[in-house]
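1. Take a look and give me a structure for this.
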Amino acid sequence: MRKIILLFLTVISFKLSAQEVNIIPQPVKLEVKSKELPFKIDSTTVIYTNDSLANPSIAFLQNYLSKNYNFQLNLNRTPDISRTNVINLIINEKIANPKEYILTVTNKSIIIGATSDTSIFQGIQTLIQLLPTSKSFPLQIPAVSITDYPRFDYRGMHLDVSRHFFDVAFVKQYIDYLALHKMNYFHWHLTDDHGWRIEIKKYPKLTEIGAWRNGSIIGLWPGQGNEHIKYQVLPAEIKITPKDAVIKTDGIRHGGYYTQEQIKDVVDYAAKRYITIIPEIEMPAHSMALLAAYPELGTTPDKKYEVAETWGMMNKYNNVLQASDTTFKFLENVLTEVMALFPSQYIHIGGDEASKVWWKQSAVSQQIMKANGLKNESELQSHFIRRMEKFVSSKGKTIIGWNEILQGGLAPNAVVMSWQGEKGGIDAAKQNHKAIMTPENKMYFNHGQFVKEDSLAANKFSPLIDVYNYEPIPAELSAEQAQYIWGAQGCLWSEYITNPAKVQYLLFPRLDALSEILWSPKEKRNYPDFQKRLKTQFKRYDLMGITYSKRYLEN
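-> Next up, the predicted model:
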């Protein structure tokens, strides 16, 4: 009798477990039909769509099943309304909300319906989270009814490949991670002081010289052996003590770049996952790699520039471009090639951390300011950004810049990415400009996620709970102004990230938190419930071979 009771309890426990639904980001409306039987995916299950536009969704699902379950669905090319054991992807123009998908699971079929293939794809991501986290067959999907759509139109994640280069295979994997979390923008940080990562055919030295550096500092900035070096950024000079300081690095050559054919391949890969790639080409600062290749574009063209080997603003070395017609023509030629590779409406041109000292010290810069009636170096920065904005706009594109582009006056049509707190985004919204919120203290995932980290990370603290509780729309904005908050973005700067496993470690599970604040209704935000759902997500990460901190499993 005792054995029978135990068996009965085991069966009940299994059924409850099988019916448990833990989806991230939380859907707008979710009904779990716990009394109904689950749908079972087995060797006879087929997938059908009424429109070839859904083919990328089918391909993504098939790829996921193949990678994680060693299993493929059969395709059904002809409609058969009487058929059971079928997954139907139906594009239906009668659904009122164009951003909405409806997912219904019964024991006979799964139906994902939407007016667009984009929404069908988002429905597939939810279906994936209904799959079991083990490879037991058949795959049981609990009976549910889901209606869902995103809160924000811009749901972004960034990856810096300048500080440390990541190959095409991993960039594609990263894009898949974003797709699984219903993100729709990938901000690809391709150039900086530490490496130029995109082939520009007109200027081959950008990759021949600019894509490689001869070493990297060891440990946190300023690096081991450099602790005695003091940097002071003063209004009229950069003061360095001692004056003859020599930076110590590991002496290991590092670099790499993407050919234009590789860029096209990645762009196409992302498009099939409904992710728009926004390339970033830094200017007027963070340009040491460019200046190492073409020193004539700097404010001190006679000096020898080198690709940076240490982190920070690199003020010791002067990484600022001269705001000359020669520089503008060069950048226009660069952006012409970049825009031909990326169909995105948006091009990120940086604009951050430009030290004005070098323009103050440059006679040519002062002449440019005088000729253009500019009162100070902040206005020179604005002049620089406006000049580039005008060119990008003439090509039918829109610039995005970090919040420093507000200095000296905001260029027409520019989108502001607010990283130094929220002020930049607030100011942009009040000027009727789109803003993307990515405040460093909450949205920089290269920061430590614990007070004492498991491995080297930027020496700041951005715990999971702070990410989850972040609200992208500042309270001080009126309802009308709030409409200009386009969304938010997480950033992953790679100074201390040298391999894919470290990317995964810092990305997960903060990406889950980010996805929920950008997708789900604000009123559904519930951190304890999120933590509960995260337990299932960790099992899914185990299935996928993703690295994350096991400390999250302790609570």
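
2. Residue 110 is in what secondary structure piece?
-> strand 109-114 (DSSP states H and E).

3. what about residue 351, how many neighbours?
-> 30 (other CB atoms under 10 Å). Glycine gets a C-beta too; all of them are placed from N, C-alpha and C.

4. ah, wrong one, I meant residue 420
-> Neighbours of residue 420 using other CB under 10 Å come to 16.

5. So the residue sitting nearest the centre point of the chain: helix, strand or coil?
-> Closest to where the C-alpha atoms of the chain average out (CA atoms, centre = their mean) is residue 157, at 1.5 Å. Secondary structure, DSSP: H, G, I helix; E, B strand; the rest coil: residue 157 is strand.

6. wouldn't it be in contact with residue 183 here?
-> Yes. Counting by CB atoms under 8 Å, residue 157 does reach residue 183; the two are 5.3 Å apart.

7. Identify the contacts common to the two.
-> 511, 514 (CB atoms under 8 Å, 6 or more residues apart in numbering).

8. which residues touch residue 240?
-> Residue 240 neighbours (CB under 8 Å, 6+ apart): 229, 230, 231, 232, 316.

9. related to what we said a few turns ago, for the residue nearest to the centre of the chain, give the beta-bridge partners.
-> residue 186, residue 490 (DSSP bridges).

10. How much space separates it from residue 254?
-> Separation of residue 157 from residue 254 (CB to CB, to the nearest Å): 24 Å.

11. Which strand residues bridge the closest residue to residue 345 other than its chain neighbours?
-> Leaving aside its sequence neighbours, residue 345 sits nearest to residue 398 (CB to CB, 6 or more residues apart in numbering; 5.7 Å). Taking DSSP bridges as the rule, residue 398 bridges to residue 346.

12. And the pLDDT for residue 398?
-> Note for residue 398: predicted pLDDT of 97.

13. Likewise for residue 411?
-> pLDDT, residue 411: 89.

14. before we move on, what about residue 241?
-> 89.

15. Burial check on the nearest residue to it once chain neighbours are set aside, number of neighbours?
-> Nearest residue to residue 241, sequence neighbours excluded (CB to CB, 6+ apart): residue 230, at 4.4 Å. Using other CB under 10 Å, residue 230 is surrounded by 11 other residues.

16. now residue 230: how far from residue 383?
-> In terms of CB to CB, residue 230 sits 33 Å off from residue 383.

17. all strands for the stretch 351-500 of the chain, in order.
-> In the stretch 351-500 of the chain, the strands defined using DSSP state E, counting those that start in this stretch lie at 398-402, 415-418, 435-437, 447-448, 458-461, 485-490.

18. cool, the stretch 1-150 of the chain as well?
-> 29-32, 39-41, 46-49, 74-75, 86-91, 101-105, 109-114, 139-141, 144-148.

19. contacting residues around residue 213?
-> By CB under 8 Å, 6+ apart, the contact list for residue 213 reads 194, 195, 253, 254, 255, 289, 306, 307, 308, 309.

20. for the fifth one, phi and psi?
-> Right, the one you point to is residue 255. phi 170, psi -170 (degrees, to the nearest 10).

21. ok, for it, nearest residue in space, not its chain neighbours?
-> residue 212 (3.5 Å).

22. And residue 134, by the same measure?
-> Once flanking residues are discounted, residue 134 sits nearest to residue 543: 7.3 Å by CB to CB, 6+ apart.

23. Could you count how many residues lie near the one you found?
-> Residue 543: 16 neighbours (other CB under 10 Å).

24. which residues are contacting the helix or strand encompassing it?
-> Assigned by DSSP H and E, residue 543 belongs to helix 527-544. For helix 527-544, contacts defined as CB under 8 Å, 6+ apart pick out 20, 22-24, 26, 67-68, 129, 133-135, 465, 468-469, 508-509, 512-513, 516, 548, 552-553, 555.

25. and those, which are buried?
-> Buried subset of the contacts of helix 527-544 (neighbour count, 16 or more other CB atoms under 10 Å): 22-24, 26, 68, 129, 133, 468, 508-509, 512-513, 516, 548, 552.

26. which of those residues are the two that sit furthest away from each other?
-> Using CB to CB, the buried ones among the contacts of helix 527-544 reach their maximum pairwise distance at 68 and 468, which is 26.2 Å.

27. Was I right to think residue 294 contacts residue 200?
-> No. Contact status for residue 294 versus residue 200: not in contact, 10.8 Å apart, counting by CB under 8 Å.

28. Tell me the residues that contact both of those two, please.
-> Common neighbours of residue 294 and residue 200 (CB under 8 Å, 6+ apart) are residue 206.

29. Of those two, which one has the most company?
-> residue 200 (25 against 20).

30. Report the contact partners of the more buried one.
-> Counted by CB under 8 Å, 6+ apart, residue 200 has contacts 206, 207, 333, 334, 337, 338.

31. Recalculate using a threshold of 10 Å.
-> Going by CB atoms under 10 Å, 6 or more residues apart in numbering, residue 200 touches 191, 206-207, 210, 257, 260, 281, 290, 293, 330, 333-338, 341.

32. Please apply the same query to residue 203.
-> 196, 210, 290, 293, 294, 330, 333, 334, 337.

33. In helices, which of the residues you listed appear?
-> Within the contacts of residue 203, residues falling in helices by DSSP state H are 290, 293, 330, 333, 334, 337.

34. is it true that residue 157 touches residue 181?
-> Yes. If you go by CB atoms under 10 Å, residue 157 and residue 181 touch, sitting 8.1 Å apart.

35. tally of neighbours for the residue nearest to residue 345?
-> Residue 398: 16 surrounding residues under other CB under 10 Å.

36. for residue 189, same thing?
-> If we define neighbours as other CB under 10 Å, then residue 189 has 24 of them.

37. Would you check how far apart it and residue 378 are?
-> From residue 189 to residue 378 the distance is 24 Å (CB to CB).

38. Equivalent analysis for residue 433, please.
-> 18 Å.

39. Below-threshold pLDDT in the protein: ranges please.
-> 1-19, 81, 555 (pLDDT under 70).

40. Identify each buried residue in stretch 328-347, please.
-> So stretch 328-347, judged by 16+ other CB under 10 Å, has buried residues 328, 330-331, 334-335, 337-339, 341-342, 344, 346-347.

41. Would you mind writing the CA trace of that stretch as PDB?
-> Extracted C-alpha coordinates of stretch 328-347, given in PDB (Å, rounded to 0.1, in the frame of the first residue of the first chain):
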ATOM      1  CA  PHE A 328      34.900  64.900 -42.500                       C
ATOM      2  CA  LYS A 329      35.500  63.600 -46.000                       C
ATOM      3  CA  PHE A 330      37.400  60.600 -44.600                       C
ATOM      4  CA  LEU A 331      34.500  59.800 -42.200                       C
ATOM      5  CA  GLU A 332      31.900  60.300 -44.900                       C
ATOM      6  CA  ASN A 333      33.700  57.700 -47.100                       C
ATOM      7  CA  VAL A 334      33.900  55.300 -44.200                       C
ATOM      8  CA  LEU A 335      30.200  55.700 -43.300                       C
ATOM      9  CA  THR A 336      29.300  55.300 -47.000                       C
ATOM     10  CA  GLU A 337      30.800  51.800 -46.900                       C
ATOM     11  CA  VAL A 338      29.300  51.100 -43.500                       C
ATOM     12  CA  MET A 339      25.800  52.200 -44.600                       C
ATOM     13  CA  ALA A 340      26.000  50.000 -47.700                       C
ATOM     14  CA  LEU A 341      26.600  47.000 -45.400                       C
ATOM     15  CA  PHE A 342      23.900  47.700 -42.800                       C
ATOM     16  CA  PRO A 343      20.300  48.300 -43.900                       C
ATOM     17  CA  SER A 344      19.500  49.700 -40.500                       C
ATOM     18  CA  GLN A 345      17.800  53.100 -40.400                       C
ATOM     19  CA  TYR A 346      20.200  54.000 -37.600                       C
ATOM     20  CA  ILE A 347      24.000  54.500 -37.500                       C
END
